[in-house]
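K.L.:
Please work out how this folds:
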Amino acid sequence: MTSTPHPHAVVIGAGIGGLTAALALHRRGVPVTVHERSAGLEPVGAGLALAPNALRALDALGVGARLRALAVTHPAVGLRRPSGRWLARTDTGAVEAYFGDPVLAVARAELIAALVEALPPGTVRTSSPAVLADHGTAQRPATVTTPDGEQRAALVVAADGLRSATRAALFPHHPGPRYSGFTTWRTVIDAPERPPAAVGEVWGRGALTGVVPLAAGRVYLYAAALAPAGGRAADGDEHAELLRRFGGWCAPVPELLRRTAPERVLRHDVWALTDPLPAFHRGRVALLGDAAHAMSPFQGQGACQAIEDALVLASVNHPADAAADRPTGLAAYSAARLPRTSRIVAGSRTMGRLVAVRSGPGTALRDGLLALAGHLPPRALLSRSAETYNWTPPQL
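P.N.:
I've put the predicted structure just below:
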C-alpha cells in the first residue's frame, strides 16, 4: 500500500537560498515550513551583490522594489593596482542600460529581512535542526526529523550550506567541497568620515580588496588572499591582520580599515564544489544554493544562483502535484540548474586563478591584459556577462 504525500514542503536552512525557496513555494500555493538550526536570524555576514539575474527573480517574488530602494549609485566602478593605478573602469549607468538592471549591493541582513517579512508569520522556526530521514519516492513522502518529531513532506528543500549533511546523505561518494586556496575577510563600516571616492576592486599579488557603498552611508569592505586552509591571525586579531596585509594599499582602503570595528571582521576560508554533483535531487529532496553548487566569490554569483535555484524549483512544484510524480519535476529542476551553475562555478574558479597570480612578471602580464581589456568598448566588456546576467525567471 502506498501513502499519498502531504502537499507540505520542508526547507532545511534559513539562509538566502532557503528563504527565497520558501517564498517562491508560498507564492505557488505550497504550504511550507523552514527549519533553522541556529537560535535566530541575527545579522550574519556583511554585504553581497545582487546582479540583474537575481534582481529579476526578486521582482517576481515581490521584494525587488524594497531592495532597489536601498540602491547607492556611484558613477563608476573599476579595477586598480595597489599603487592606485587604474586598470579598468566601468560606467555603472552603462551596466543598467545594457542589462536593464544594475548590480545592486545590499547588506545581507537587508535581504534576509525582506524575505522573512514576505513570508507568513510562523513559517521560519529557529533553534530547530532538521535532518533528512528518508528521501522518499514518487509513491512515498520524504521524512524529516525535527525537534517536534518526524515530518512527512511532498518536497524537502536542502539549503543547508557548504557542509550540507543532506548532500552527504544523498550522494555519499561525492568528494564534497575542495579548498580554493583563498581565505576571505568581510566587514561593514557604519560611518566612514567621507564616502569613498573610488569604489571597486584592487588586485595585488595573490590578493584583492573591494570597496562597495551601501545604504545609510555604510561601506562594505572585503578582501581575499592566498593562505593555507584553517589559518588564522597569529594573535587572533583579524583586524590587525587586515591592516598588515592591506594597510599600505591605495586609498580608501587604509582609512576604511582603520575605521573598521575589530569585532565585526569576519574571516572564512573559501571552499567550492568544483566537482559537479550527478544531480541536484534524489527522491523528493532538492539541493539548493551552496549545498548544490558552492562556488568561490570571484564572480559575485553565489547568492544570485541560490535565488535562481529557488525560482526554478518552485516553478516545477505545485500543490496539485503532491500526489503525482514530484520526482519527475525535480529531474527537470536538476536538468535546468546543473549545467548553468557548473559553468558559473568553473568561471569563478578561473577568475580566482587570475587573482592568485603572485610572481612579478605574472602580475605585470595579468595587469597589462586587464588594462588592454579596459580599453575595449563598454558593450564588448559587458557582453562577457550577458550569459549570466540575462537570465529570466520562470513564471510562477
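
K.L.:
burial measure for Leu256, as a count.
P.N.:
21 (other Cβ atoms under 10 Å). C-betas here are computed from N, CA, C, even on glycine.

K.L.:
How about the one 10 residues further on?
P.N.:
In terms of burial, Leu266 registers 14 neighbours under the definition other Cβ under 10 Å.

K.L.:
Next: Pro278.
P.N.:
Using other Cβ under 10 Å, Pro278 has 12 neighbouring residues.

K.L.:
Over to the one 5 residues further on?
P.N.:
Summarising burial for Gly283: neighbours were counted as other Cβ under 10 Å, giving 19.

K.L.:
Is it correct that it is in contact with Gln139?
P.N.:
No: applying Cβ atoms under 8 Å, one finds Gly283 not in contact with Gln139, separated by 10.4 Å.

K.L.:
Distance from stretch 234-251 to the middle of the chain?
P.N.:
25 Å (Cα atoms, centre = their mean, to the nearest Å).

K.L.:
which secondary element of the chain has the worst mean pLDDT?
P.N.:
helix 378-382 (a mean of 86; mean pLDDT, DSSP states H and E).

K.L.:
List the buried residues in that one.
P.N.:
Across helix 378-382, burial judged by 16 or more other Cβ atoms under 10 Å covers 381-382.

K.L.:
contacts for that helix?
P.N.:
88, 90-91, 94-95, 98-99, 373-374 (Cβ atoms under 8 Å, 6 or more residues apart in numbering).

K.L.:
Among those, name the buried ones.
P.N.:
88, 90, 95, 98-99.

K.L.:
On the three-state scheme, Ala197 is what?
P.N.:
coil (DSSP: H, G, I helix; E, B strand; the rest coil).

K.L.:
from what I can see it touches Ala251, true?
P.N.:
Yes: with contact defined as Cβ under 8 Å, Ala197 reaches Ala251; the gap is 7.5 Å.

K.L.:
And those two? Which one has more around it.
P.N.:
Ala251 (12 against 9).

K.L.:
Pull up the gap between that one and Ala207, please.
P.N.:
Distance, Ala251 to Ala207, by Cβ to Cβ, to the nearest Å: 17 Å.

K.L.:
Spell out, range by range, the helices that occur in the stretch 101-250 of the chain.
P.N.:
Per DSSP state H, counting those that start in this stretch, the stretch 101-250 of the chain carries helices over the ranges 108-118, 165-170, 238-246.

K.L.:
Tell me which of those helices approaches Leu288 most closely.
P.N.:
Closest approach to Leu288 among those is made by helix 165-170 (9.9 Å; Cβ to Cβ).

K.L.:
so where is the protein shaky, pLDDT-wise?
P.N.:
Applying pLDDT under 70 to the chain flags residues 1-6, 42-45, 318-328.

K.L.:
follow-up on the earlier one: in TSV, list the helices of the stretch 101-250 of the chain along with distance to Gly181 and mean neighbour count.
P.N.:
Putting the helices of the stretch 101-250 of the chain into TSV (distance: least, Cβ to Cβ, whole Å; neighbours: other Cβ atoms under 10 Å) gives the following:
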stretch	distance to Gly181	mean neighbour count
helix 108-118	24	19
helix 165-170	22	20
helix 238-246	16	19
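
K.L.:
how about CSV for the ones you listed, with distance to Ala364 added?
P.N.:
Below are the helices of the stretch 101-250 of the chain laid out as CSV (distance: least, Cβ to Cβ, whole Å):
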stretch, distance to Ala364
helix 108-118, 36
helix 165-170, 41
helix 238-246, 20
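
K.L.:
do you know which of these lies nearest Ala14?
P.N.:
Nearest to Ala14, of those and by Cβ to Cβ, is helix 108-118 at 8.0 Å.

K.L.:
what's the closest one packed up against?
P.N.:
Using 3 or more Cβ pairs under 8 Å, 6 or more residues apart in numbering; DSSP states H and E, the elements in contact with helix 108-118 are helix 16-27, strand 47-50, helix 64-68.

K.L.:
Only alpha carbons, please: show the second one as PDB.
P.N.:
Coordinates of the C-alpha atoms in strand 47-50 are reproduced here as PDB (Å, rounded to 0.1, in the frame of the first residue of the first chain):
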ATOM      1  CA  GLY A  47      27.400  42.700   2.100                       C
ATOM      2  CA  LEU A  48      26.500  40.900  -1.200                       C
ATOM      3  CA  ALA A  49      25.900  41.800  -4.800                       C
ATOM      4  CA  LEU A  50      22.600  41.300  -6.500                       C
END
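
K.L.:
Of all the helices and strands packed on helix 108-118, which one comes closest to Glu255?
P.N.:
strand 47-50 (18.0 Å).

K.L.:
so which of the contacts of helix 378-382 comes closest to Arg340?
P.N.:
When the contacts of helix 378-382 are compared for distance to Arg340 (Cβ to Cβ), Phe99 comes out closest, at 17.0 Å.

K.L.:
quick one: which of the helices of the stretch 101-250 of the chain is nearest Arg337?
P.N.:
Per Cβ to Cβ, nearest to Arg337 of those: helix 165-170, 14.2 Å.

K.L.:
got a list of contacts for that closest one?
P.N.:
Under Cβ under 8 Å, 6+ apart, the answer for helix 165-170 is 12, 131-132, 135, 156, 158, 160, 174, 176, 277, 282, 285, 287, 291-292.

K.L.:
Now that we have those, which of them are buried?
P.N.:
Among those, those classed as buried by neighbour count (16+ other Cβ under 10 Å) are 12, 132, 135, 156, 158, 160, 176, 277, 282, 285, 287, 291-292.
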